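Enquirer: Structure, please.
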Amino acid sequence: MEKSCTLLIHFDKGTPAIANEIKEALEGNDVPAKIDAMKKAIMLLLNGETLPQLFITIVRYVLPSEDHTVQKLLLLYLEIIEKTDSKGKVLPEMILICQNLRNNLQHPNEYIRGVTLRFLCRIKETEIVEPLIPSILQNLEHRHPFIRRNAILAVMSIYKLPQGEQLLVDAPEMIEKVLSTEQDQSGRRNAFLMLFTCAQDRAVNYLLTHVDKVLDWGELLQMVVLELIRKVCRTNRGEKGKYIKIIISLLNAPTAAVIYECASTLVSLSSAPTAVRAAATTYCQLLLSQSDNNVKLIVLDRLNELKSSHREIMIDMIMDVLRALSSPNLDIRRKTLDIVLELITPRNVNEVVLTLKKEVVKTQSSEIEKNGEYRQMLIQAIHSCAVKFPEVASTVVHLLMDFLGDSNVASAMDVVVFVREIIETNPKLRVSIMTRLLDTFYQIRAARVCSCALWIIGEYCLSLSEVESGIETIKQCLGELPFYSVSEEGEATDSSKKAQQVNSITISSKRPAILADGTYATQSAASETAFSPPTIVQGSLSSGNLRSLLLTGDFFLGAVVACTLTKLVLRLEEVQPSKAEVNKATTQALLVIVSMLQLGQSPVLSHPIDHDSYDRVVLCIRLLCNTGDEIRKIWLRSCRESFVKMLSEKQLRETEELKAKAQVSHAQPDDLIDFYHLKSRKGMSQLELEDEVQDDLKRATGEFIKEGDDANKLNRILQLTGFSDPVYAEAYVTVHHYDIVLDVTVINRTKETLQNLCLELATMGDLKLVERPQNYTLAPESSKQIKANIKVSSTETGVIFGNIVYETSNVLERMVVVLNDIHIDIMDYISPAICTDAAFRTMWAEFEWENKVAVNTVIQEEKEFLDHIVKSTNMKCLTAPSALDGDCGFLAANLYAKSVFGEDALVNLSIEKQTDGKLSGYIRIRSKTQGIALSLGDKITLKQKGAS
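Expert: Residues are numbered from 1 along each chain as shown. Got it, this is the predicted structure:
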């Protein structure tokens, strides 16, 4: 029989005490030694020891002690020892204890009385409690509040015992009287709690008769009142209205805890707009008034829940939620922006963007840590506002362009991507954006930002003046030609060292960059670091940003410069009537491009130009020497068309996701719907009426119905033993984030009683058993449900194994039945997630664990294989469907998922169709931790065959 535990103490198994030592210490007169010995005895008892010989020693030597700590420990000892024999009868020696307890209840010291009453709350044996009842009732009228409040709790626990109602017939009446006279807050709370748990009707009557005074009751009592309201409204939905009024009045309580509870109770009980609005307002007040960041995060979670169920009401509160941005904590700011971005409508978008603009300006002025990261979040928020509502773009785009030269590369990158999208989607802003970009281009310090800005210049400079100023800007930023002089070649090694020291802009590295399709490309100078002010490197004083970057060996950027100049010259041919001017521009562009090639092949730099960039630059030279209409069409139009297609696809994906979210369950065809206008309104306030209507609407849209997935339940039942074993066992596994609950059914298949039957489990991996196994007795052909709890601490495949041990009456040794292993599936912890391509590539470069799985499958279609892997790994495919279209015999895709422990799982799938029709290639898995990479690899190896 499993006993309930009323007390938990940490036990250090290292040095167990010996019973004889404890006995000696208890018999001595040294009080500190007695206290120490009692503590040791209690710990041993809690750890499963019995210590039968100590009882009489304690009665003789500890019972008479006057020391308060000893008396408290004595009560803890009495609480945990066995008070009944095997048949459930109270042991005769407990009568000795009763006399002592009675004396304690009449003790002149208040502390002794109080702790004894508290001890009686945890005693379940009626024979011990019964003789003490008169003394307990006397203490209800004691002058000291500590004793009264514990006496009330003692009465409550006795009344809840199986024979409690016979022992204390009129307990509820007594406690109600006490409640009306009691002045102590804690005492009143306990009295109300007693009525709430033992005589709910009395508690409800008391609440409704004193409804006007509820606001003056203390915080403790108000919390119990809210608990009562929740319980009553769950069982009796019809009376919700009058209780909701009480909750709304409690929203004016002075304590934050009560207000928070009120708001969450309101939301759980009612869907009436007035009630939800009151709750949302309360949450917003708490968001501003509370200084604790954890409280703010919890309140934001509640607002997030309201957003999904009551969006219309939350839209009105958007500016109040935005005020949470005043907190310096990044997590709070991120959560606030996430909530706000989903509540934007044409009505409030201007206000929101204005606030975000003010915040961006603030990040410029003050030097707070993580300012760059916050600015990046704000830029991304403004970007998504401008994409949803193009009309606000004009108000923000120029402010954001000030940050193109931001020292935070990610933030500058976000700005330039935003500008690229706006210039395409808002043709009206094109001229002003181009003028501003050409003016501020020299400030850009990061190679990636320069590349994107150059692409914009190449694509969107359309008029003659724009094309000419575009070419001029690039020439200015490259500085005077050549990039190095012949005399410098002799000092090549010196100068290259100097170049690297002076610039900390890019750390030149030859590691491959990961492209969007998951393939690699060689890119020098891929990683960027903090910037020093621009420095003069082997050029004149006017040397610009492009020159500085080129002299660090960034030829990927050099190739982009060459392509941009080529596009600008091709466009100049279209808009410039004078042939001489065109030829002049062409020769200047060729001079620049050839100079870059010379620099790439000279010994001035530490490493030469890479092959990809070389081919690209040479192609530009060939083009400029020999232009044709077909070439011009490809260079000036195709690129833009691809970009437009990419944007439209992105929009299409977003709208599809919104549609998927919007699909909610609907009611059954024959469900009853009440009509608002036909409802009886007798004696109902506006709020009660609203609440009724909202309930009916919920019922009509099927929100009250929760489907139980019974078929799925059957899939989770695992057979642990064979049908011919004497003991049959099967387990139902429930995985709930950090816990696994095994519900094991054990059936005795024999005609004999099995004694001391024990389910012994052990685990492998990051799994821990919570409790020690119990012994059971199983009658012939009877069954028993045994629950086992297991804690999980990381995402990896764990194994639970064990056996069932039992004894039968006619066999002396114990019998063992070995159980089947239970494998905990990693899929229970992984859910599909979305991240940007840039974030995916950053993580791919950072994560150190990689698991490479060779493709081995009977599936013959690339797309079908990808769908099979996505389905069996529970991941999200980040590669756009259009990128997977067509039939070229090759497919590369990125998949992403997140675990419940916040770990990221990245998968890259690269497959090729062989001539014999089979698929070959690799699936690469990367993660921060080893467990997730290995477990996911095992899962893929197991599932990839794909045979039906």
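Enquirer: Next up, the contacts around residue 571.
Expert: By C-beta atoms under 8 Å, 6 or more residues apart in numbering, the contact set of residue 571 is 461, 462, 467, 636. Placement of C-beta: from N, CA and C, glycine included.
Enquirer: ChimeraX command to pick out the buried ones of those residues?
Expert: In ChimeraX, a selection of the buried entries from the contacts of residue 571 looks like this (16 or more other C-beta atoms under 10 Å):
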select :461,467,636
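Enquirer: The nearest residue to residue 728 once chain neighbours are set aside in helix, strand or coil?
Expert: With C-beta to C-beta, 6 or more residues apart in numbering as the criterion, residue 728 has its nearest non-adjacent residue at 4.5 Å, and that residue is residue 747. Here residue 747 is recorded as strand under DSSP: H, G, I helix; E, B strand; the rest coil.
Enquirer: pLDDT at residue 747, what is it?
Expert: Reported pLDDT at residue 747 in the predicted model: 94.
Enquirer: I'd like the distance between it and residue 774.
Expert: 17 Å (C-beta to C-beta, to the nearest Å).
Enquirer: So if I had to pick from these two, which one is more boxed in?
Expert: In terms of neighbours (other C-beta atoms under 10 Å), residue 747 is the more surrounded of residue 747 and residue 774; the figures are 16 against 12.
Enquirer: Now for the more buried one: which residues touch it?
Expert: 727, 728, 729, 781, 782, 783.
Enquirer: from memory the fifth one sits against residue 748, does it?
Expert: Yes: under the criterion of C-beta atoms under 8 Å, residue 782 makes contact with residue 748 at 5.7 Å.
Enquirer: More neighbours: the two, which one.
Expert: residue 748 (21 against 12).
Enquirer: Enumerate every residue touching the more buried one.
Expert: Neighbours of residue 748 in contact, by C-beta under 8 Å, 6+ apart: 726, 727, 754, 778, 779, 780, 781, 782, 783.
Enquirer: So what sits opposite it in the bridge?
Expert: On the basis of DSSP bridges, residue 748 is bridged to residue 727.
Enquirer: distance of it from residue 481?
Expert: Relative to residue 481, and taking C-beta to C-beta, residue 748 is found at 94 Å.
Enquirer: likewise residue 584?
Expert: Counting by C-beta to C-beta, the gap from residue 584 to residue 481 is 15 Å.
Enquirer: who's more crowded, the two?
Expert: residue 481 (16 against 13).
Enquirer: A strand includes the more buried one, no?
Expert: No: counting by three-state DSSP, residue 481 is located in no strand; its state is coil.
Enquirer: Ramachandran angles for it?
Expert: The phi/psi pair for residue 481 (degrees, to the nearest 10) reads phi -100, psi 160.
Enquirer: What sits closest to it if chain neighbours are left out?
Expert: For residue 481, the spatially nearest residue (C-beta to C-beta, 6+ apart) is residue 595, at 4.8 Å.
Enquirer: now the closest residue to residue 938 other than its chain neighbours: how far from residue 943?
Expert: Closest residue to residue 938 apart from its sequence neighbours, by C-beta to C-beta, 6+ apart: residue 797 at 6.4 Å. In this view, residue 797 and residue 943 are 13 Å apart by C-beta to C-beta.
Enquirer: Confidence-wise, which helix or strand of this structure is lowest on average?
Expert: strand 506-507 (a mean of 37; mean pLDDT, DSSP states H and E).
Enquirer: domain ranges for this protein?
Expert: Using the TED database, the domain parsing of the chain gives 716-824, 828-944.
Enquirer: list the contacts for the residue nearest to residue 481?
Expert: Counted by C-beta under 8 Å, 6+ apart, residue 595 has contacts 481, 482, 483.
Enquirer: Pretty sure the second one sits against residue 598.
Expert: By that I understand residue 482. Yes: counting by C-beta under 8 Å, residue 482 touches residue 598, with 6.6 Å between them.
Enquirer: out of residue 797 and residue 943, which sits in the busier spot?
Expert: For residue 797 versus residue 943, the count of surrounding residues by other C-beta under 10 Å is larger for residue 797: 20 against 15.
Enquirer: Residue ranges in this structure under the pLDDT threshold?
Expert: By pLDDT under 70, the weakly predicted segments of the chain are 1-4, 13-16, 366-369, 486-543, 661-713, 737, 946-948.
Enquirer: That concludes my questions; thank you for your assistance.
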